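Chemist: sequence unknown, structure follows:
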């Protein structure tokens, strides 16, 4: 069965500092990988996704993520955090066989930004 | 344009009421989903519709009844809910089941 672990429940960074949110997955083959962001009281917005090809993927709002097969990781990064980035971040994996969607979410990481 | 629209944004209902949550997308997506999200938790899949047919029901109690009238609309009918059903209900869609999923803003449900 597939699973996703986000080791950090809470992270606090200063505005302007760099950010890395960790995501580790367990899956038998190369999965589809996603990062979503959820602002308080809002739905989930897709930040970026990885299906195949270049292992460094660029997303919206200046975020990027790198797929590392050897480490089963898909960490999210941003070089300079803005106060508006404070939100809950979810990593998710899905099967790559188009056999119906079974997105599995990690537990989420809450990002707080200090002024 | 990746817009999934949900109504109402907030709903308060008694345990004997019957209400519905509505979801609409005009992206031509053929798969639509209902998720339930409790506070500080990730979303949990409830139902998946693919080409207007229910393809996945994650053992959801019968007091939740989904309906897909056409390829653009998805409803969730609610009846005899319990206070523990209070949560954020998220609708989502994708081009096909298994593709990238796009979420709506959610409907906040409070059962009193």
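Modeler: That came through fine. All figures in this text were calculated on a predicted structure; none of them were measured in a lab.
Chemist: Grab the most central residue of chain A for me.
Modeler: residue A:35 (3.3 Å; CA atoms, centre = their mean).
Chemist: beta partners for that residue?
Modeler: Following DSSP bridges, residue A:35 is listed with bridge partners residue A:48, residue A:91.
Chemist: What is the lowest-mean-pLDDT helix or strand in chain A packed up against?
Modeler: The helix or strand of chain A with the lowest confidence, counting by mean pLDDT, DSSP states H and E, is strand A:104-105 at a mean of 90. Under the contact criterion of 3 or more CB pairs under 8 Å, 6 or more residues apart in numbering or on different chains; DSSP states H and E, strand A:104-105 touches strand A:3-5, strand A:87-94. Using the backbone N, CA and C atoms, a C-beta is placed for each residue, glycine as well.
Chemist: Residue B:48: which of those strands is closest?
Modeler: Closest of the helices and strands packed on strand A:104-105 to residue B:48 is strand A:87-94, at 12.1 Å (criterion: CB to CB).
Chemist: Show me what the closest one is packed up against.
Modeler: Packed against strand A:87-94 by the contact rule (3+ CB pairs under 8 Å, 6+ apart) you find strand A:3-5, strand A:32-38, strand A:73-78, strand A:104-105, strand A:109-114.
Chemist: what distance separates the second one from the centre of its chain?
Modeler: Averaged C-alpha coordinates place strand A:32-38 at 5 Å from its chain's average position (CA atoms, centre = their mean, to the nearest Å).
Chemist: Let me know the angle separating that strand from strand A:73-78.
Modeler: Relative orientation of strand A:32-38 versus strand A:73-78 (axes from the mean of the first three to the mean of the last three CA atoms, to 10 degrees): 40 degrees.
Chemist: List of residues touching strand A:32-38?
Modeler: Applying CB atoms under 8 Å, 6 or more residues apart in numbering or on different chains, the contact partners of strand A:32-38 are A:21, A:23, A:25, A:44-51, A:59, A:61, A:63, A:65, A:67, A:74, A:76, A:87-96, A:103, A:108, B:100-101, B:103.
Chemist: This completes my enquiry, with thanks.
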